[in-house]
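Colleague: Sequence and predicted model, in that order:
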Amino acid sequence: MLSSIEAIVEKDGRIRPLERITVREGTHAIITFLTGPEEDIVNDTALLSEAALSDWNRPEEEEAWAYLQKGR
């Protein structure tokens, strides 16, 4: 079973889980380091989504959804 938890890396390099975990001794783990503060993670996600969402940034799309803007 795969599961993910959030943790903090301490100054001495130790990894401190932010919630209680129970695993058997010898359990393997993969650790992914998220660089920077939480705001950077949000910005990275937005940048990664940009290419997938770029199809929506066309005049035809603006025209198709324009009726939703009339109430403004």
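Modeller: That came through fine. Numbering: from 1, shown residues only.

Colleague: quick one: contacts for the nearest residue to Ile5 once chain neighbours are set aside?
Modeller: Computed as Cβ to Cβ, 6 or more residues apart in numbering, the closest residue to Ile5 that is not its neighbour in sequence is Pro17, at 5.4 Å. Quick note: C-beta positions are derived from backbone N, CA and C, even for glycine. The contact partners of Pro17, by Cβ atoms under 8 Å, 6 or more residues apart in numbering, come to 5-7.

Colleague: what pairs with Pro17 across the strands?
Modeller: Ala7 (DSSP bridges).

Colleague: And the next helix or strand past the lowest-mean-pLDDT helix or strand in the chain?
Modeller: Among the helices and strands of the chain, helix 38-53 carries the lowest confidence by mean pLDDT, DSSP states H and E, at a mean of 68. Going down the chain from helix 38-53, the next helix or strand is helix 59-65, by DSSP states H and E.

Colleague: Just the C-alphas of that next one, formatted as PDB.
Modeller: Taking Å, rounded to 0.1, in the frame of the first residue of the first chain, the C-alpha atoms of helix 59-65 are listed here in PDB:
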ATOM      1  CA  PRO A  59     -10.700  34.100 -28.800                       C
ATOM      2  CA  GLU A  60     -13.100  31.300 -29.500                       C
ATOM      3  CA  GLU A  61     -13.200  30.200 -25.900                       C
ATOM      4  CA  GLU A  62     -13.700  33.900 -24.700                       C
ATOM      5  CA  GLU A  63     -16.600  34.200 -27.100                       C
ATOM      6  CA  ALA A  64     -18.100  30.900 -26.000                       C
ATOM      7  CA  TRP A  65     -18.100  31.800 -22.300                       C
END
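
Colleague: any idea of the mean pLDDT for it?
Modeller: Averaged over helix 59-65, pLDDT sits at 86.

Colleague: which other residues reach that helix?
Modeller: Contacts of helix 59-65 (Cβ under 8 Å, 6+ apart): Asp55.
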